[in-house]
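Colleague: Give me the fold of what follows.
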Amino acid sequence: MSLGSVTDKVVVITGAGSGIGRALALRAARGGALLALSDWDADGLAETVRLVEHAGAAKVRHDVVDVSDRAAVATWAAGVVEELGRVDLVVNNAGVTLTGDFTDLTYDDLDWIVGVNFLGVVHGSKEFLPHLVASGDGALVNISSLFGLMSVPGQSAYNATKYAVRGLTEAIREEMLVAGHPVTVTCVHPGGIRTGISRNGRKAAGLDGGAIDALFEKKLAKMSPDRAAQVILDGALKGKPRVLVGLDAHLIHHFARLAGARYQDVVARVTSRMPLR
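Modeller: Numbering: from 1, shown residues only. You can find the predicted model right below:
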């Protein structure tokens, strides 16, 4: 069981105002989907709407939504179903970064990243899943990360949220299988994608934000958002349980499996040579 295509399907995407979310919206629009898009950034979302309409989107509903706000997501989901009649594909894509050693992170920053990266996926999954089941052929796609496969120093909070997304998504998939519900569930692990996620993220006090952003954008972010969106959408439409995006994601996945817990020692040695303070 899988959707096969997005033609005439209602596709819901969070974090659609930029990066992978915008690229997914554009690909879905070109494929003939009806779109329900959200982002917290009104200007970015408006630009995405302009682009998908120019790309020929059949219908576009757009809402400024903070995915960490449970009530706001519930209201948005109800409005989407009321206006578009059903939901076929949901991509919980919204995400943020928080860089810094765990001892240097504030509780406010920790609450922020957990609210967006994990609870945002919880809220999106919880509110839309019943409608995916009711569709008779639905697909739930949750975006984790390369850092949901392997942990690295300086990314403890980001790692925690992305591992949580992975665990949540895999368990939901198992529950759909046990219940016999007609919903495929896909967990996506992108590697370095050329987006503004690092520039728009938070850094602990004392860190060189410019150096961190430059490292990500010049050394680590190798794949375009459009190519990432193609890989994600292809995997989701085939109902794959796990989608690795980028050569780096594939390499890290296999390295961590082969090295076991000792991968942590290797990562610690490598990252200690990249001072960013």
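Colleague: Please identify which helix or strand holds Thr75.
Modeller: Here Thr75, judged by DSSP states H and E, is contained in helix 70-84.
Colleague: Put the alpha carbons of that helix into CSV.
Modeller: Extracted as CSV, the C-alpha positions of helix 70-84 are listed here (Å, rounded to 0.1, in the frame of the first residue of the first chain):
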residue,chain,number,x,y,z
ARG,A,70,-0.9,22.4,20.5
ALA,A,71,-4.1,24.5,20.3
ALA,A,72,-2.9,26.3,17.2
VAL,A,73,-2.0,23.0,15.4
ALA,A,74,-5.4,21.6,16.3
THR,A,75,-7.2,24.6,15.0
TRP,A,76,-5.1,24.5,11.8
ALA,A,77,-5.8,20.8,11.2
ALA,A,78,-9.5,21.3,11.7
GLY,A,79,-9.5,24.1,9.3
VAL,A,80,-7.6,22.2,6.6
VAL,A,81,-10.1,19.3,6.8
GLU,A,82,-13.1,21.6,6.8
GLU,A,83,-11.8,23.4,3.7
LEU,A,84,-10.2,20.6,1.7
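Colleague: helices and strands around that helix, which ones?
Modeller: Counting contacts by 3 or more CB pairs under 8 Å, 6 or more residues apart in numbering; DSSP states H and E, helix 70-84 is packed against strand 10-13, strand 34-39, strand 59-64, helix 120-135. Just so you know, the C-beta spots here come from the backbone N, C-alpha and C atoms, and that holds for glycine as well.
Colleague: so how far is it from its chain's centroid?
Modeller: Put simply, helix 70-84 sits 19 Å off its chain's centre (CA atoms, centre = their mean, to the nearest Å).
Colleague: Now the element after that helix, going C-ward?
Modeller: Heading C-terminal from helix 70-84, the first helix or strand you meet, by DSSP H and E, is strand 89-92.
Colleague: contacts for that following strand?
Modeller: For strand 89-92, contacts defined as CB atoms under 8 Å, 6 or more residues apart in numbering pick out 3, 6, 9-14, 21, 24, 28, 33, 67, 120-121, 124-125, 128-129, 132, 138-143, 232, 236.
Colleague: Now mean neighbour count too, for the helices and strands packed on helix 70-84, in TSV please.
Modeller: Output for the helices and strands packed on helix 70-84, formatted as TSV (neighbours: other CB atoms under 10 Å):
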stretch	mean neighbour count
strand 10-13	28
strand 34-39	27
strand 59-64	17
helix 120-135	21
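Colleague: Any chance of a markdown table for the ones you listed, columns distance to Gly95 and mean pLDDT?
Modeller: A markdown table is the format used below for the helices and strands packed on helix 70-84 (distance: least, CB to CB, whole Å; pLDDT from 0 to 100):
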| stretch | distance to Gly95 | mean pLDDT |
| --- | --- | --- |
| strand 10-13 | 12 | 98 |
| strand 34-39 | 11 | 98 |
| strand 59-64 | 17 | 98 |
| helix 120-135 | 8 | 98 |
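Colleague: Let's have the ones you listed in TSV, adding distance to Ala72.
Modeller: Output for the helices and strands packed on helix 70-84, formatted as TSV (distance: least, CB to CB, whole Å):
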stretch	distance to Ala72
strand 10-13	14
strand 34-39	9
strand 59-64	9
helix 120-135	8
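Colleague: out of the ones you listed, which comes closest to Gly196?
Modeller: strand 34-39 (12.5 Å; CB to CB).
Colleague: No more questions from me, cheers.
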